[in-house]
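*Asks:* Next input, structure requested:
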Amino acid sequence: MNDAMNLIRKGYLVSPSLRKEKINEDIIDKIEKLKEKPLVLNKDIYKAIQNNFQIEINWREFDRSKVNYEKNRNFEDYKIFMDIINYSSQKNKIKAETIIKQLSKPEKPEIENDSFTPNVVVIKSYDEKIKKRDVQDFVQHFRARYNLLKNILINRTELKDCISINRALNKNKGDNVSIIGLISDKKTTKNGNIILEVEDMTGKISCIIGKNKKDVYDFAKDLLLDEVVGIIGICSDNIIFVNNALFPDIPANDQLKKIEDDCYVAFTSDIHVGSKVFLEKEFINFIEWLNGNYGDESQKEIASKVKYLFLLGDLIEGVGIYPNQEKDLLIKDVKKQYDRFAELLSLIRKDIFIILIGGNHDSLRLAEPQPKLNQNYAKAVYDLDNALILTNPSMVNIHSSKNFEGFNVLMYHGSSFHSVYENVDSIRYNGGLDRVDLIMKYLLQARHLAPFHNSVQYIPESDEDFLVIDKVPDFFASGDIHKTIALNYRGVTMLNCSCWSEQTEYMEKRGIVPDPGKVFAISLKSREIKILNFKENE
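*Replies:* Down below sits the predicted model:
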């Protein structure tokens with residue numbers, strides 16, 4: 001007999017609960033023969049292996065599920081894993097494999113007959129790595145951002161011959177050059193020219209944009225620090241005189257993706273349940289419309305074809321969001337606000353699939369990416385059978401089938417919008433927050449939801465910048481500004497959704513003038529956008 005020290009010496013992490021146990025050499029041999037080995041050996045795994053465990057599972061996911069179980073975050077995933085282990089230990093391999101298939105849903109489920117069955121596949125949702133962050137995490141975060149955006153830019157024909165900055169510094173005077181870099185500094189000379197300090201992994205270089213090159217100059221005026229851009233120009237003594245500058249942008253495409261099914265999707269945001277100025281009556285009218293009990297005959301016909309409903313954050317008013325908020329609250333408990341919100345959603349007919357994310361008023365940290373709603377507060381929402389709760393931001397694919405790839409929907413609440421409009425001249429001087437479509441277009445061009453360091457509070461990840469728009473959506477839907485604005489840009493339908501709240505003093509201070517009680521209803525067959533107004537006396 002050997003104790004657990006043999007396993008520790010072999011490089012395994014052993015749970016404290018197992019370290020005092022005596023372990024047979026046979027068990028160690030079985031562990032060594034596993035195709036994928038557990039990250040941490042504990043009593044559950046030991047017992048399974050002792051009972052002739054036969055199924056290969058993802059031990060990293062198992063370990064994560066156990067942590068969530070122990071922290072009272074999620075009980076279901078750990079229970080499923082234990083079912084797999086127990087069934088396998090009982091040599092009921094077929095049953096265990098069936099559970100694994102249920103746990104691992106296919107990326108593109110097929111729909112055989114019913115083309116109107118709601119079909120939602122999560123493309124992107126944030127999975128937080130809980131750890132202490134240090135300076136190096138920020139460095140790695142920006143390196144990951146640079147690499148992701150560089151890979152997008154390098155596919156542009158104008159940059160097919162781009163080189164590193166280190167090589168550009170060694171070019172002869174007068175040589176043509178193209179580079180891809182991150183903007184680390186920006187200033188305007190006394191003659192009115194713009195100088196960008198651009199860097200990559202190999203070095204830094206100054207890029208001068210003369211005011212006589214109007215198109216490039218106007219483009220450069222809107223550039224923000226930390227953005228990744230392509231630069232084309234002429235070398236001269238460790239400087240590039242810029243002839244052209246490029247965003248990553250999304251590919252040019254004038255065609256909107258459509259499908260033959262006569263199916264509709266609805267978008268709205270910023271419900272703010274719990275506020276004294278929450279328009280509950282109007283929101284119930286909206287629900288009644290979805291259920292076919294409100295509106296004229298043509299509106300009821302559209303409602304009958306709605307199969308997907310997107311809610312883009314600020315589902316509740318929250319508590320302690322801003323100073324003296326309690327005077328604006330009808331419901332002063334976060335859990336009760338979510339209970340009422342869930343009660344309202346439960347009235348919606350069950351064949352409508354609801355996809356929702358949180359926002360800055362929800363029970364979440366402010367730093368982005370924001371995780372899913374807190375289950376301790378929003379349990380009633382999680383209990384809804386037809387609701388999918390995701391992170392902010394997220395991307396899902398809807399309505400795919402055997403013969404159709406589906407529509408990709410990028411969801412982002414919109415907290416960065418305020419910072420972007422304040423810092424981008426062409427937006428600030430052309431409507432500001434009243435032109436959310438310009439803000440959203442800018443983010444698609446930059447391929448990032450919060451392009452510069454102070455856009456939002458954020459959590460740095462060393463291996464990925466989750467706010468990069470790496471996959472081009474068909475719909476880019478947002479909220480936060482409480483406007484009703486829709487515009488198509490290069491085949492992407494940009495939507496900033498209405499709210500269900502009258503203006504508060506807090507909104508007024510932030511420059512938000514709400515346009516409440518409106519809903520986008522969009523035909524996936526024609527891509528026609530209808531705006532339905534549920535606000536009375538309008």
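*Asks:* ok, Asn533 - contacts?
*Replies:* Gly517, Lys518 (C-beta atoms under 8 Å, 6 or more residues apart in numbering). In short, each C-beta sits where N, CA and C put it, glycine included.
*Asks:* so how far is Glu502 from Gly295?
*Replies:* Gly295 sits 22 Å away from Glu502, going by C-beta to C-beta, to the nearest Å.
*Asks:* again with Cys235
*Replies:* To Glu502, Cys235 is 58 Å away according to C-beta to C-beta.
*Asks:* How about residues contacting the helix of greatest length in the chain?
*Replies:* If you go by DSSP state H, the chain has its longest helix at helix 135-153. Identification of contacts with helix 135-153 by C-beta under 8 Å, 6+ apart yields 159, 162, 180, 182, 200-201, 226, 228-230, 246, 248, 447-448, 460-465, 468, 470.
*Asks:* Okay, and which of those map to helices?
*Replies:* Per DSSP H, the subset of the contacts of helix 135-153 in helices is empty.
*Asks:* Could you pick out the buried ones from those residues?
*Replies:* 159, 162, 180, 182, 200, 226, 228-230, 246, 248, 447-448, 460-462, 464-465, 468, 470 (16 or more other C-beta atoms under 10 Å).
*Asks:* Need the phi and psi values for the nearest residue in space to Asn423 that is not next to it in sequence.
*Replies:* Spatial nearest neighbour of Asn423, excluding adjacent residues (C-beta to C-beta, 6 or more residues apart in numbering): Leu224 at 5.8 Å. The phi and psi values for Leu224, taken as degrees, to the nearest 10, are phi -110, psi 160.
*Asks:* any idea how far Glu343 is from Cys499?
*Replies:* Distance of Cys499 to Glu343, computed by C-beta to C-beta: 20 Å.
*Asks:* Which of those two has more residues huddled nearby?
*Replies:* A count of neighbours by other C-beta atoms under 10 Å puts Cys499 above the other of Cys499 and Glu343, at 28 against 11.
*Asks:* pLDDT on stretch 153-162, on average?
*Replies:* Stretch 153-162 carries an average pLDDT of 91.
*Asks:* actually stretch 438-452, not the one I typed
*Replies:* pLDDT averaged over stretch 438-452 gives 96.
*Asks:* Domain-wise, how is the protein divided?
*Replies:* 2-103, 135-246, 264-533 (automatic domain parsing).
*Asks:* Could you pull out the buried residues of stretch 185-194?
*Replies:* Lys186, Asn193, Ile194.
*Asks:* just stretch 447-460 next, same as before
*Replies:* Under 16+ other C-beta under 10 Å, the buried positions of stretch 447-460 are Arg447, His448, Leu449, Ala450, Pro451, Phe452, Ser455, Val456, Tyr458, Ile459, Pro460.
*Asks:* quick one: the residue lying closest to the fourth one once chain neighbours are set aside from Asp249, how far?
*Replies:* What it means is Ala450. Distances taken as C-beta to C-beta, 6+ apart put Ser416 closest to Ala450, at 4.0 Å, once the chain neighbours are dropped. Here Ser416 is placed at a distance of 18 Å from Asp249 (C-beta to C-beta).
*Asks:* Compare neighbour counts for those two and give me the winner.
*Replies:* Under the neighbour definition other C-beta under 10 Å, Ser416 and Asp249 were set side by side, and Ser416 has more, 24 against 17.
*Asks:* Lys173: how many residues sit nearby?
*Replies:* Lys173 sits with 10 neighbouring residues when counted by other C-beta under 10 Å.
*Asks:* That one is in contact with Ile240, isn't it?
*Replies:* No. Counting by C-beta atoms under 8 Å, Lys173 does not reach Ile240; the two are 11.3 Å apart.
*Asks:* Can you classify Leu443 by secondary structure?
*Replies:* Using DSSP: H, G, I helix; E, B strand; the rest coil, the structure places Leu443 in helix.
*Asks:* how much space between the closest residue to it other than its chain neighbours and Pro460?
*Replies:* Distance criterion C-beta to C-beta, 6+ apart; nearest residue to Leu443, sequence neighbours excluded, is Leu449 at 5.7 Å. Going from Leu449 to Pro460 by C-beta to C-beta gives 15 Å.
*Asks:* same check, this time on Phe452
*Replies:* From Phe452 to Pro460 the distance is 14 Å (C-beta to C-beta).
*Asks:* before we move on, what about Ile522?
*Replies:* From Ile522 to Pro460 the distance is 35 Å (C-beta to C-beta).
*Asks:* Give me the phi and psi for Ser478.
*Replies:* Backbone torsions of Ser478, given as degrees, to the nearest 10, read phi -150, psi 180.
*Asks:* Next: Ala303.
*Replies:* Residue torsions, per degrees, to the nearest 10, at Ala303 are phi -60, psi -40.
*Asks:* do Asn533 as well
*Replies:* Main-chain dihedrals, Asn533, degrees, to the nearest 10: phi -110, psi 120.
*Asks:* Who is it paired with across the strands?
*Replies:* Lys518 (DSSP bridges).
*Asks:* and Asn374, that's in a helix?
*Replies:* No. Using three-state DSSP, the assignment for Asn374 is coil, not a helix.
*Asks:* shouldn't it be in contact with Val381?
*Replies:* No. Counting by C-beta under 8 Å, Asn374 sits too far from Val381 to count as a contact (10.1 Å).
*Asks:* How about the contacts made by Ser184?
*Replies:* Residues near Ser184 by C-beta under 8 Å, 6+ apart: Glu197, Val198, Glu199, Lys204, Leu225, Asp226.
*Asks:* how close does it sit to Gly479?
*Replies:* Counting by C-beta to C-beta, the gap from Ser184 to Gly479 is 32 Å.
*Asks:* Could you do Pro369 as well?
*Replies:* 16 Å.
*Asks:* ok, now Pro451?
*Replies:* Plainly put, Pro451 is 19 Å away from Gly479 if you go by C-beta to C-beta.
*Asks:* Ok, Gln445 next?
*Replies:* Following C-beta to C-beta, the distance that separates Gln445 from Gly479 is 21 Å.
*Asks:* now Asp425
*Replies:* Look at Asp425 and Gly479: by C-beta to C-beta, they are 25 Å apart.
*Asks:* Who has more neighbours out of these two?
*Replies:* The residue with more neighbours, out of Asp425 and Gly479, is Gly479; 31 against 10, by other C-beta under 10 Å.
*Asks:* Test my guess that that one contacts Asp314.
*Replies:* Yes. Applying C-beta under 8 Å as the test, Gly479 and Asp314 come out as touching, 6.3 Å apart.
*Asks:* so what sits against both of those two?
*Replies:* Ser269, Asp270, Gly359, His413, Cys499.
*Asks:* how about the closest residue to the second one other than its chain neighbours, what does it touch?
*Replies:* Once its chain neighbours are removed from consideration, Asp270 has its nearest residue in Cys499; the separation is 3.6 Å (C-beta to C-beta, 6+ apart). The neighbourhood of Cys499, defined by C-beta under 8 Å, 6+ apart, consists of Ser269, Asp270, Ile271, His272, Asp314, Gly479, His482, Pro514, Asp515, Pro516.
*Asks:* Only whichever of those are buried, select them in PyMOL.
*Replies:* A single PyMOL command is used to select the members of those judged buried by 16+ other C-beta under 10 Å:
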select buried, resi 269+270+271+272+314+479+482+514+515+516
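*Asks:* Alright, that wraps it up for me.
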